[in-house]
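Engineer: Structure, please.
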Amino acid sequence: MEYEEHNDGMRTIYRTYADTEISVLATKIQCPYCGNEWLEDDMSLCGKTYTLTCGDDFDEGCGKEFKMYFDAD
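Structural biologist: The predicted structure is shown next:
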């Protein structure tokens, strides 16, 4: 592995898009009740309807439950 070493001993590595691998795809969600937005990373099945709760993980949003149909368009 190539790296640059600085005077203080810290090393710097360099990467480009060619070194990049996508590990997680996320879907942008917007609550139809309050408009709160967040990213969900477990939306991989096309043609499936998911039941979501606004603010379920981080105590933000209105707390209402809604359904979202996911499809590749």
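Engineer: so what's the residue nearest in space to the middle of the chain closest to, chain neighbours aside?
Structural biologist: When the chain is reduced to its mean C-alpha position, the nearest residue by Cα atoms, centre = their mean turns out to be Ala26, at 3.7 Å. Counting by Cβ to Cβ, 6 or more residues apart in numbering, Ala26 lies nearest to Leu39, which is 4.0 Å off, once chain neighbours are set aside. Yep, even glycine has a C-beta here, placed from its N, CA and C like the rest.
Engineer: List the buried residues of the helix or strand hosting that neighbour.
Structural biologist: Taking DSSP states H and E as the criterion, the element that holds Leu39 is strand 37-40. Buried residues in strand 37-40, counted by 16 or more other Cβ atoms under 10 Å: 38, 40.
Engineer: Packing partners of that strand?
Structural biologist: Applying 3 or more Cβ pairs under 8 Å, 6 or more residues apart in numbering; DSSP states H and E, we find strand 37-40 packed against strand 27-30.
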